[in-house]
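Trainee: no sequence on this one, just coordinates:
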């Protein structure tokens, strides 16, 4: 079998798509410095850059494993595009923190049902999904469960998780990656419909 370090990005993506987790480790090692430098150059804040970096690779993982990665162009360019979109989203969120007044929107738009908090039935369904997902966390190894809880339930950045757990940011990312992979398998095994 070909050595992963001599494989092309395309070959590594294909291997990872077919279940070889070491192939993604090689992709991460190969591209992390370039992607992080790009993000930090644009956002200027390390904490924000860390979060966007982690989210970039999390999105890449999910896209590849969902067979949504298109092999047109360079893998590094694809990662940069994901990072760039996340930077734009982050900037929008920061800018949208400003107060919005009613004069900016027509009453018809403000009465749109999609903008409401949702009915009782929707809230119950969402709560049931959250409860099911929370129960699935018990099936994860302790280190994976810990990173999911810290990230999604305590809303910590990956940098804060790394500091709190005494590991590197890359280790935190890896644990999250494996947790998401395992959760996806558990959802399938238990026939849960957590989306929709």
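Mentor: Looks like it arrived, so ask away. Fair warning: this is a prediction, and the values are worked out from it, not measured in the lab. Numbering: from 1, shown residues only.
Trainee: mind checking what helix or strand follows the longest helix anywhere in the chain in sequence?
Mentor: Using DSSP state H to define each element, the chain has its longest helix at helix 21-43. Downstream of helix 21-43, the next assigned helix or strand under DSSP states H and E is helix 46-65.
Trainee: next, the buried residues of that following helix.
Mentor: 48-58, 60-61, 63-65 (16 or more other CB atoms under 10 Å). To be clear about C-beta, it is placed using only N, CA and C from the backbone, and glycine gets the same treatment.
Trainee: let me know the helix or strand that residue 68 is in.
Mentor: Element membership of residue 68, judged by DSSP H and E, is empty: it is in no helix or strand.
Trainee: and it, what does it touch?
Mentor: Residue 68 makes contact with no residue, according to CB atoms under 8 Å, 6 or more residues apart in numbering.
Trainee: and it, what's its pLDDT?
Mentor: According to the prediction, residue 68 has pLDDT 84.
Trainee: again with the one 10 residues further on
Mentor: The pLDDT attached to residue 78 in the predicted structure is 91.
Trainee: need the three-state assignment for it.
Mentor: The assignment at residue 78 comes out as helix when based on DSSP: H, G, I helix; E, B strand; the rest coil.
Trainee: correct me, but it touches residue 64?
Mentor: No - when contacts are counted by CB atoms under 8 Å, residue 78 is not listed as touching residue 64 (10.0 Å).
Trainee: now stretch 177-193: buried residues?
Mentor: Result for stretch 177-193 [16+ other CB under 10 Å]: buried residues 177-183, 186-187.
Trainee: next step: these restricted to helices.
Mentor: Among the buried residues of stretch 177-193, the ones falling in helices (DSSP H) are 177-183, 186-187.
Trainee: now residue 5: closest residue in space that isn't a chain neighbour?
Mentor: Spatial nearest neighbour of residue 5, excluding adjacent residues (CB to CB, 6 or more residues apart in numbering): residue 26 at 6.5 Å.
Trainee: that neighbour contacts residue 9, correct?
Mentor: No - the pair residue 26 / residue 9 is not scored as a contact, 9.2 Å apart, by CB under 8 Å.
Trainee: how far does stretch 177-189 sit from the chain's center?
Mentor: Distance of stretch 177-189 from the chain centroid (CA atoms, centre = their mean, to the nearest Å) equals 14 Å.
Trainee: among the ones in helices among the buried residues of stretch 177-193, which one has the lowest pLDDT?
Mentor: The pLDDT minimum for these sits at residue 187, where the score is 75.
Trainee: that one contacts residue 135, doesn't it?
Mentor: No - shown here, residue 187 and residue 135 do not form a contact pair, counting by CB under 8 Å, at 11.3 Å.
Trainee: and this structure, what are its domains?
Mentor: 4-95, 119-189 (automatic domain parsing).
Trainee: looking at the ones you listed, which has the lowest confidence?
Mentor: Looking at the domains of the chain, the lowest mean pLDDT belongs to domain 119-189 (a mean of 79).
Trainee: any idea how far that domain is from the middle of the chain?
Mentor: For domain 119-189, the distance to the chain centre is 11 Å (CA atoms, centre = their mean).
Trainee: all further residue positions should be reported with the first residue as 9.
Mentor: Okay, using 9 as the starting number, the last item reads as domain 127-197.
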